[in-house]
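Asks: build me a model:
(chains A, B, C and D)
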There are 2 protein chains.
Amino acid sequence: MSSPEQASEPERVRAPNIRDVARVAGVSYQTVSRALNDSPSIRPETLARVQAAIEELGYRPNQAARALVTSRSRTIGVLAAQTVHYGPATSIQAIETAAREAGYRLSITNISSSEYASIKAGLDHLMAQSIEALIVIAPQVRVFEALDDLQVAVPFVTLEATGLNTAHSLWVDQIQGARLATRHLIDLGHTEIMHISGPQDWIEAEARMQGFLRELGDADLRTRAPILGDWTAHFGYYAGLELLRYRDFTAVFCGNDQMALGFMHACRETGLSVPGDMSIVGFDDIPEAAHFAPPLTTVRQNFAEIGRRAIELLLGELRGDTELSHAPVQPELIVRQSTARLA
Amino acid sequence: MSSPEQASEPERVRAPNIRDVARVAGVSYQTVSRALNDSPSIRPETLARVQAAIEELGYRPNQAARALVTSRSRTIGVLAAQTVHYGPATSIQAIETAAREAGYRLSITNISSSEYASIKAGLDHLMAQSIEALIVIAPQVRVFEALDDLQVAVPFVTLEATGLNTAHSLWVDQIQGARLATRHLIDLGHTEIMHISGPQDWIEAEARMQGFLRELGDADLRTRAPILGDWTAHFGYYAGLELLRYRDFTAVFCGNDQMALGFMHACRETGLSVPGDMSIVGFDDIPEAAHFAPPLTTVRQNFAEIGRRAIELLLGELRGDTELSHAPVQPELIVRQSTARLA
DNA sequence: TCCGGTGATGTGTACGTTCACATCAGCAGG
DNA sequence: CCTGCTGATGTGAACGTACACATCACCGGA
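Replies: Numbering: from 1, shown residues only, chains lettered A, B, ... in the order given. This is a model prediction of the structure:
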């Protein structure tokens, strides 16, 4: 009753399949299959006939059927946190492009929190799609624990972590980056240097903190307890207002550019000039950093490079290429105008 | 011959299927299928037996097989440009979460340029996955032309466009937002107001420009040709340096916050105080905007809301619910410290 | 002339699931 | 005691593709 016979809308026309194409082209369905998978043993003129038929019918291969019969989903899963941030977003974009060029598609799942249950749910959602490989861009410590625990059955890499879990990770050398930033401040004569870190359970935050502490240690300078932030400009601002009540430091190394921005805001409100009274270094080099007031000295990470390398690595592993390069990507110090020699 | 019997590695163990589960549970495969699709006609104790078997075997339904037989991919395609930007990224995250909760997965494809070929390639890539619905977050004019031309066969919505193509679009009222921003400047006594717009082929840019021009027109103020930018802070900076050579205006309405940031940078370099000598309004309210120097007056868009509504709309359409709300989301003016009354 | 080989094409089957229909036991009503 | 119904479960297809194998025409060499 729901389908009037003479409806103007043709009743759910079935999409053409290879048998339809075969009929039109006057060949067998297997020949069509061969044409689709560019088999060598097909005559050029037969191929042309098949292609014409495909064109005529507007035929599209059915991926589900393909996936079913080959048991290859051609899907790479991405488990991500904080995808709105510049770093992850840039990496994901590079990943998507590289994956698409290689004939893979991406399935992205965001985890809302670093709770074990949330991670497990995200991972389940991905595994249920029988992904062939996994990329994890969620550098919280707990994610790694969950990953170990859940026994991921496919090749995977983790991004933006550092050092640990090396067999599967691909990373910018955050420790080195933090050392560059800290060394820069030391070279400028600063001896009282503060660090505003990212959240404690983020591996990146931990690594940057380590780099900071080691570099201070190597220079025999006093180390202070870093402030644990949350990556946001808001935090940098409020932390700045708090810290600047005691002006017992002359430089700050911030865990990322956003917190540096907030800190600069606090400096302005407190009447401190940057870099005259306070030198500030960030981390990431987001595109906006060059236009902060003043332009921010920061550590640049090549997020796109990391993304491309991740796909390269995974596709290599899927092909069976063993041991591709896991060498960390080197960060780069970008000196702008938020740092100056201590008067 | 390729599989030594006593190999330590079990030769490609086939994943369990419903027949395996059925065997273990002592029922037929169809009963397992019923258990999976929570059919009403299954005895509780049978259901329990099946669930135990599923647990024991670690069975996961094969999505490809499901998709093949039901011809429902449970996939929503997203065609996106500029996913690293705050707005699109926020929307996508909301979309992903909402989709996942509804049992759908997302397939995101970035288009690298607004070339017709690039759009068509992206759309093809998505259609090849037999997506059930499509979300377009690529508010370039050409994308709409391509969409018309390619005869998208599934329900779709376009985001962040405005006005035109109303049957399929979901939008923040950009014109209204631009009017709010412009009205705010006029109310402060400014009469010479400049506009730095986004790229000409972006619908959002066009709409904001329209809102700007109309509001000026309503106030009988002189309108000047807007500058066509590219959304980046860099552009805002260089445009600012150029424009500020002639100080024949006292306020700027920038097409987004990044360009406003760059413009503020140019003001500092030129020795102009903001808002003393120059009032600046942005658009988007990215999280950093509150910490610019000075904190930026801007127009807030609820990107997450848009994302959620997109999924809601599409799922409704897939269910056959006709005519859900397409009402535009209202933007909000956030007044901070980058604007002041004309002296 | 016949044979084996090769290149091009066709036929059967399997992948894992759901849909349509068949079966079967149990039970109420005549 | 039979009929018809209902709830629970089972059987046979089908979805669209790729793999393994079969077939066929053709060719060169003995």
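
Asks: count of neighbours near the closest residue to DNA strand C within the stretch 101-250 of chain A?
Replies: Nearest residue of the stretch 101-250 of chain A to DNA strand C: A:Ser130, at 9.5 Å (C-beta to the nearest atom of the strand). Bear in mind the C-beta positions are built from the backbone N, C-alpha and C, glycine included. Counted with other C-beta atoms under 10 Å in any protein chain shown, residues neighbouring A:Ser130 total 20.

Asks: for it, pull up the helix or strand it's in.
Replies: Following DSSP states H and E, one finds A:Ser130 outside all helices and strands.

Asks: mind checking pLDDT for it?
Replies: At A:Ser130, the model reports a pLDDT of 89.

Asks: from what I can see it touches B:Ala65, true?
Replies: No. In this structure, A:Ser130 is not within contact of B:Ala65 by C-beta atoms under 8 Å, at 10.2 Å.

Asks: quick one: the strands in the stretch 201-343 of chain A?
Replies: Ranges of strands in the stretch 201-343 of chain A, per DSSP state E, counting those that start in this stretch, are A:227-228, A:251-254, A:279-281, A:298-300, A:332-334.

Asks: what lies in contact with the longest one?
Replies: When you say that, I think you mean strand A:251-254. Outside strand A:251-254, the residues within contact range by C-beta atoms under 8 Å, 6 or more residues apart in numbering or on different chains are A:178, A:181-182, A:185, A:188, A:190, A:192-196, A:212, A:236, A:260, A:263, A:278-283, A:339, A:342.

Asks: quick check, the residue in the stretch 51-200 of chain A closest to DNA strand C?
Replies: Proximity of the stretch 51-200 of chain A to DNA strand C (C-beta to the nearest atom of the strand) peaks at A:Val69, 3.5 Å away.

Asks: can you give me the end-to-end distance of stretch A:22-36?
Replies: One end of stretch A:22-36 sits 12 Å from the other (C-alpha to C-alpha, to the nearest Å).

Asks: can it be said to contact DNA strand C?
Replies: Yes. Applying C-beta under 7 Å from any atom of the strand, one finds that stretch A:22-36 is in contact with DNA strand C at A:Ala22, A:Val27, A:Ser28, A:Tyr29, A:Gln30, A:Thr31, A:Arg34.

Asks: and the pLDDT at the residue nearest to A:Arg341 when sequence neighbours are not counted?
Replies: Leaving aside its sequence neighbours, A:Arg341 sits nearest to A:Leu188 (C-beta to C-beta, 6 or more residues apart in numbering or on different chains; 4.8 Å). Looking at A:Leu188, its pLDDT is 97.

Asks: list the residues that contact A:Leu188.
Replies: Listed by C-beta under 8 Å, 6+ apart, the contact set of A:Leu188 reads A:Ala251, A:Ser279, A:Thr339, A:Ala340, A:Arg341, A:Leu342.

Asks: filter these to the buried ones?
Replies: A:Ala251, A:Ser279, A:Thr339, A:Ala340 (16 or more other C-beta atoms under 10 Å in any protein chain shown).

Asks: go ahead and confirm the second one touches A:Val335.
Replies: No. Applying C-beta under 8 Å as the test, A:Ser279 and A:Val335 come out as separate, 10.9 Å apart.

Asks: how much space between A:Phe144 and A:Val152?
Replies: 11 Å (C-beta to C-beta, to the nearest Å).

Asks: could you do A:Leu241 as well?
Replies: Applying C-beta to C-beta to A:Leu241 and A:Val152 gives a distance of 43 Å.

Asks: with A:Met209 instead?
Replies: Distance from A:Met209 to A:Val152, counting by C-beta to C-beta: 28 Å.

Asks: these two - which one has more neighbours?
Replies: Counted by other C-beta under 10 Å, A:Met209 and A:Val152 do not tie: A:Met209 has more neighbours, with 23 against 20.

Asks: my guess is that one contacts A:Ser197. True?
Replies: Yes. Under the criterion of C-beta under 8 Å, A:Met209 makes contact with A:Ser197 at 4.9 Å.

Asks: overlap in contacts, those two.
Replies: Residues touching both A:Met209 and A:Ser197 (C-beta under 8 Å, 6+ apart) are A:Pro226, A:Gly255.

Asks: need the helix or strand of chain A with the lowest average pLDDT.
Replies: Using mean pLDDT, DSSP states H and E, helix A:141-150 stands out as the lowest-scoring helix or strand of chain A, at a mean of 78.

Asks: poorly predicted segments of the stretch 51-200 of chain A, please.
Replies: Applying pLDDT under 70 to the stretch 51-200 of chain A flags residues A:160-167.

Asks: which residues in it form strands?
Replies: A:75-80, A:105-110, A:133-137, A:156-159, A:169-170, A:193-197.

Asks: which non-adjacent residue is nearest A:Asp248?
Replies: Counting by C-beta to C-beta, 6+ apart, the residue nearest A:Asp248 is A:Glu192, at 6.3 Å.

Asks: need the contact list for the closest residue to A:Leu314 other than its chain neighbours.
Replies: Take A:Leu314 and drop its neighbours on the chain: the residue closest to it by C-beta to C-beta, 6+ apart is A:Ala133, 4.2 Å away. The neighbours of A:Ala133, taking C-beta under 8 Å, 6+ apart as the test, are A:Ile76, A:Gly77, A:Val154, A:Pro155, A:Phe156, A:Leu314, A:Leu315, A:Glu317, A:Leu318.

Asks: ok, so of these, who is nearest chain B?
Replies: A:Gly77 (9.9 Å; C-beta to the nearest C-beta).

Asks: burial of that closest one, as a residue count?
Replies: With neighbours defined by other C-beta under 10 Å, the count for A:Gly77 comes to 28.

Asks: my guess is it contacts A:Leu126. True?
Replies: Yes. A:Gly77 lies in contact with A:Leu126 (C-beta under 8 Å); the separation is 3.7 Å.

Asks: give me the common contacts of these two.
Replies: In contact with both A:Gly77 and A:Leu126: A:Ser107, A:Thr109, A:Leu134, using C-beta under 8 Å, 6+ apart.

Asks: does the last one touch A:Leu126 like I think?
Replies: Yep, that's A:Leu134 we're talking about. Yes. Counting by C-beta under 8 Å, A:Leu134 does reach A:Leu126; the two are 6.6 Å apart.

Asks: near DNA strand D, which residues of the stretch 51-200 of chain A are found?
Replies: A:Tyr59, A:Arg60, A:Pro61, A:Asn62, A:Ala65, A:Arg66, A:Leu68, A:Val69, A:Thr70.

Asks: the fifth one and chain B, how far apart?
Replies: I take that to be A:Ala65. A:Ala65 is 5 Å from chain B, where distance means C-beta to the nearest C-beta, to the nearest Å.

Asks: give me the distance between the closest residue to that residue other than its chain neighbours and A:Arg66.
Replies: Nearest non-adjacent residue to A:Ala65, counting by C-beta to C-beta, 6+ apart: B:Leu68, 5.2 Å away. Going from B:Leu68 to A:Arg66 by C-beta to C-beta gives 9 Å.

Asks: fine by me, we can end here.
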